[in-house]
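In: okay, here's the prediction I keep looking at, along with the sequence it came from:
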Number of protein chains: 2
Amino acid sequence: MSTLNELGEKEAVRAVLSRLLPRGVVGMGDDAACVRIGSRYLVVSTDLISKRTHIPDRMSAYQVGWMAAAVNLSDIAAMGAEPIGVVMAMGLPRSTGSDTLMDMVEGVTDCCESVSAKYLGGDTKECPELTIAGTSLGLVRTDGLLKRSGAKEGDLLAVTGTVGLAGAAFHEMDLDDHDRRARKAALEPRPRIREGVLLSASGCVTSCMDTSDGLAMSVHELSNASGVGFEVMRDKVPVDPAAVAICEKYGKLVDDAALYSGGDYQLLFTIDPSGLGRLMSMMKDDVSVIGRATLERDVVLIGEGGKGPLPYKGYEHFKG
Amino acid sequence: MSTLNELGEKEAVRAVLSRLLPRGVVGMGDDAACVRIGSRYLVVSTDLISKRTHIPDRMSAYQVGWMAAAVNLSDIAAMGAEPIGVVMAMGLPRSTGSDTLMDMVEGVTDCCESVSAKYLGGDTKECPELTIAGTSLGLVRTDGLLKRSGAKEGDLLAVTGTVGLAGAAFHEMDLDDHDRRARKAALEPRPRIREGVLLSASGCVTSCMDTSDGLAMSVHELSNASGVGFEVMRDKVPVDPAAVAICEKYGKLVDDAALYSGGDYQLLFTIDPSGLGRLMSMMKDDVSVIGRATLERDVVLIGEGGKGPLPYKGYEHFKG
């Protein structure tokens, strides 16, 4: 009998999915589950974070609340849905101060309001270690649902915004330095709801997910779900200049922050090439094409040193 | 600054609610939150259980999964909604075996299928202690929503099924005895979905909640939410005969199991008296009228020894 330690988190999730898949739920293996209600899908995502394994010591209670909401709203964004709201089940140690609780609630509320979602309430229980399970809800027209599967050969691979800042910031925080924008990127990430809704409306996005586990792992996930390979052009990856500066200052590899660190919560997606112009104008160019889908299933990085496999590595729990 | 230990779980929830209430969410303070979608409410409930504080050692992994689904589906029942499904965020220790995970998944699935709900998926993460946060979703016509508020003077107080078996079983389990039906009542409680849907359809139910914290505390909660008092007639409370037998066998007070123990997950509700006949025929008499709502705000128990306040006690975390 294998344990989760041997399996890793992603394998554990896969094992659960394999038991559930025959039951015919749409959205299994995607960032969120979907249930049809009339002409729309109700999109539901849940995510649990706990103190020792997912919450850095330097995070304030406000940021813990923000993050718990943000990770779930990011999953709604990845499906192209408009958010309804979130519910939060909080497990709190007996010694938790009521100020701490209120700060967390404020963080949840502010994150929700930043994307016009409602904090719908939840549950508060005693728990030996701080644990927050958030669930987010959204709605999307059935023909606008974005899934991880759907990319086809020749589609362009693209990402919203910039990458690397969250990864660089986590490193910097270990060194007790302070770049306010970097810290905010890492600890109060913005769910890309607006972007997801536009991608959905564009009609030319063939697959989508968020980059919560880092760019490299996310490209592999799209590859697996869609049954295509990808060529990623390293020089097209929109690395945040501040991330480069932080990495250079501390002698850290830029690729570790840009490709192999989670936390940016951008949207990674594929586009039918015929829609690129329209999409770029809708997104006001806040999108970078970084590669293309290939018939061969390999995921390849093309950089200065030539062409080679893009490692499947990033942020993963259990195996940490 | 007060801590949760001093506040107790219910106060902590109240503190969160007081911050959220001005934001205009329907269903705050009820068993579940509600969001209007067209002519219906989407009803959402979330609940977190963790190993040390909520999961008895004798519960199997299957029963942990069942319970995590049942507590949330019971909240859907209390609002009169038809369930859509549940999502589960599971925090698991590294040493968790994959068989244990699969057994939990099976428990969740079976509980969902018992009430025609879907297990929609979820999240699996590392956590120092086993923690499961379930979220349930349901739909109900806007005019059929059952709330805790709404009881008015003269309404009849009633409860589905019987009470006390779960409370008695928890006691018996400490003594390592085995009454299969009692154990199942305690560890695999049945969400009263069918009953909730009938109560909603009857048109004469004025308030409703589940008895997860025990009958006495639930009567007080209806009283607080509705702004009425209640007279409860002790001899009308439908105590399960098996619960009486277990209590007598072990010298335990029957009232402790019947009134002051949680776990039965029945529905406690009030009825406009004019609808009683119709409701009884719809519910095939699986309902007991146990008292009535009064103008005076006191919650009173009328028993053999006369009339006195019904103590506000039951199952509560934090203050355990």
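Out: The structure has been received and is ready for your questions.
In: who's in contact with the closest residue to residue A:185 other than its chain neighbours?
Out: Spatial nearest neighbour of residue A:185, chain neighbours left out: residue A:165 (4.2 Å); criterion: Cβ to Cβ, 6 or more residues apart in numbering or on different chains. Using the backbone N, CA and C atoms, a C-beta is placed for each residue, glycine as well. Shown here is residue A:165, whose contacts under the criterion Cβ atoms under 8 Å, 6 or more residues apart in numbering or on different chains are A:181-182, A:185-186, A:240, A:242-243, A:257, A:264.
In: okay, and which of the residues you listed map to helices?
Out: By the criterion of DSSP state H, membership of the contacts of residue A:165 in helices covers A:181-182, A:185-186, A:242-243, A:257.
In: redo those as TSV? Include neighbour count.
Out: Conversion of those to TSV gives the following (neighbours: other Cβ atoms under 10 Å in any protein chain shown):
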residue	neighbour count
A:181	11
A:182	25
A:185	26
A:186	27
A:242	17
A:243	28
A:257	28
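In: one step back: for the residue nearest to residue A:185, give me the pLDDT.
Out: Among the per-residue scores, residue A:165 shows a pLDDT of 94.
In: how far does stretch A:275-292 sit from its chain's centre?
Out: The gap between where stretch A:275-292 is centred and where its chain is centred comes out at 19 Å by Cα atoms, centre = their mean, to the nearest Å.
In: now stretch A:232-246
Out: Distance of stretch A:232-246 from the chain centroid (Cα atoms, centre = their mean) equals 18 Å.
In: would you format the ones in helices among the contacts of residue A:165 as TSV with pLDDT included?
Out: Converted to TSV, the ones in helices among the contacts of residue A:165 look like this (pLDDT from 0 to 100):
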residue	pLDDT
A:181	86
A:182	87
A:185	89
A:186	89
A:242	93
A:243	94
A:257	94
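In: which one among these gets closest to chain B?
Out: Of all the ones in helices among the contacts of residue A:165, the one with the least separation from chain B (Cβ to the nearest Cβ) is residue A:186, at 18.9 Å.
In: looks like the closest one contacts residue A:170 (just checking).
Out: Yes. Taking contact to mean Cβ atoms under 8 Å, the distance of 5.5 Å between residue A:186 and residue A:170 places them in contact.
In: residue boundaries of the strands in the stretch 151-300 of chain A?
Out: A:156-160, A:205-210, A:229-233, A:267-271, A:287-294, A:299-303 (DSSP state E, counting those that start in this stretch).
In: which two among the contacts of residue A:165 are spaced furthest apart?
Out: Checked with Cβ to Cβ, the contacts of residue A:165 reach their widest spread between A:181 and A:257, with 14.3 Å between them.
In: measure residue A:94 to chain B for me?
Out: Residue A:94 sits at a distance of 4 Å from chain B (criterion: Cβ to the nearest Cβ, to the nearest Å).
In: so which helix or strand takes in that residue?
Out: Under the criterion of DSSP states H and E, residue A:94 resides outside all helices and strands.
In: what's the neighbour count on it?
Out: Using other Cβ atoms under 10 Å in any protein chain shown as the criterion, residue A:94 is surrounded by 16 other residues.
In: same check, this time on residue A:272
Out: Residue A:272 is flanked by 18 other residues according to other Cβ under 10 Å.
In: check contacts around it.
Out: By Cβ under 8 Å, 6+ apart, residue A:272 lies in contact with A:155, A:204-206.
In: would you format these as a markdown table with pLDDT, neighbour count and distance to chain B included?
Out: What follows is these, written out as a markdown table (pLDDT from 0 to 100; neighbours: other Cβ atoms under 10 Å in any protein chain shown; distance: Cβ to the nearest Cβ, whole Å):
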| residue | pLDDT | neighbour count | distance to chain B |
| --- | --- | --- | --- |
| A:155 | 98 | 26 | 26 |
| A:204 | 97 | 20 | 28 |
| A:205 | 98 | 26 | 22 |
| A:206 | 98 | 21 | 23 |
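In: which one of those sits closest to residue B:268?
Out: Nearest to residue B:268 among those, with distances taken as Cβ to Cβ, is residue A:205, at 48.9 Å.
In: among the strands of the stretch 151-300 of chain A, which is nearest residue B:216?
Out: Shortest separation from residue B:216 across these is recorded for strand A:205-210, at 46.6 Å, computed as Cβ to Cβ.
In: and the residue lying closest to residue A:220 once chain neighbours are set aside, how far from residue A:256?
Out: Leaving aside its sequence neighbours, residue A:220 sits nearest to residue A:312 (Cβ to Cβ, 6+ apart; 4.9 Å). Computed with Cβ to Cβ, to the nearest Å, the distance linking residue A:312 and residue A:256 is 15 Å.
In: residue A:305: how many residues sit nearby?
Out: There are 8 residues near residue A:305, going by other Cβ under 10 Å.
In: same thing with residue A:289?
Out: 18.
In: so it versus chain B, what's the distance?
Out: Applying Cβ to the nearest Cβ, one obtains 31 Å for the distance of residue A:289 from chain B.
In: I'd say that residue and residue A:157 touch.
Out: Yes. Under the criterion of Cβ under 8 Å, residue A:289 lies in contact with residue A:157, with a separation of 7.0 Å.
In: returning to what we had before: redo the strands of the stretch 151-300 of chain A as TSV? Include distance to residue A:126.
Out: Formatted as TSV, the strands of the stretch 151-300 of chain A follow (distance: least, Cβ to Cβ, whole Å):
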stretch	distance to residue A:126
strand A:156-160	40
strand A:205-210	32
strand A:229-233	46
strand A:267-271	37
strand A:287-294	45
strand A:299-303	45
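In: so which of the ones you listed is the most packed in?
Out: Burial of the strands of the stretch 151-300 of chain A is given as mean neighbour count (mean count of other Cβ atoms under 10 Å in any protein chain shown); strand A:267-271 ranks first at a mean of 27.
In: residues contacting residue A:160?
Out: With contacts defined as Cβ under 8 Å, 6+ apart, residue A:160 is in contact with A:192, A:195, A:266-267, A:283, A:286-287.
In: out of the residues you listed, who's near chain B?
Out: With respect to chain B, and counting by Cβ under 8 Å from any Cβ of the partner chain, no part of the contacts of residue A:160 is in contact.
In: now for these, which pair is the farthest apart?
Out: Spatially, the most separated pair among those is A:266 and A:283, at 12.2 Å (Cβ to Cβ).
In: so for those two, which sits in the more crowded spot?
Out: Neighbour comparison, residue A:266 and residue A:283: the larger count goes to residue A:266, with 28 against 16 (by other Cβ under 10 Å).
In: you'd agree that one is up against residue A:164?
Out: No. The pair residue A:266 and residue A:164 does not pass the contact test of Cβ under 8 Å, sitting 10.1 Å apart.
In: next one, pLDDT for residue A:244 please.
Out: Looking at residue A:244 specifically, the model assigns a pLDDT of 95.
In: quick check: pLDDT value at residue A:70.
Out: At residue A:70 the predicted local confidence, pLDDT, stands at 96.
In: any idea how far residue A:62 is from it?
Out: Residue A:70 sits 12 Å away from residue A:62 when distances are taken as Cβ to Cβ.
In: low-confidence bits of the stretch 201-320 of chain A, can you list those?
Out: Flagging of the stretch 201-320 of chain A using pLDDT under 70 yields the residue ranges A:315-320.
In: ok, the stretch 51-200 of chain A next?
Out: For the stretch 51-200 of chain A, the stretches flagged by pLDDT under 70 are A:173-178.
In: interface residues of it facing chain B?
Out: With the criterion set to Cβ under 8 Å from any Cβ, the stretch 51-200 of chain A comes near chain B through A:52-54, A:84-85, A:87-99, A:101-102, A:105-106, A:109, A:118-129, A:131, A:133, A:135, A:137, A:139.
In: recalculate using a threshold of 6 Å.
Out: Among all residues of the stretch 51-200 of chain A, those adjacent to chain B (criterion: Cβ under 6 Å from any Cβ of the partner chain) are A:52-53, A:84, A:87, A:89, A:91-92, A:94-99, A:105, A:118, A:120-129, A:131, A:133, A:135.
In: what's the ChimeraX syntax to select whichever of these are buried?
Out: Restricted to buried positions by 16 or more other Cβ atoms under 10 Å in any protein chain shown, the ChimeraX selection for these reads:
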select /A:53,84,87,89,91,92,94,96,97,98,105,118,120,121,122,123,124,125,126,127,128,129,131,133,135
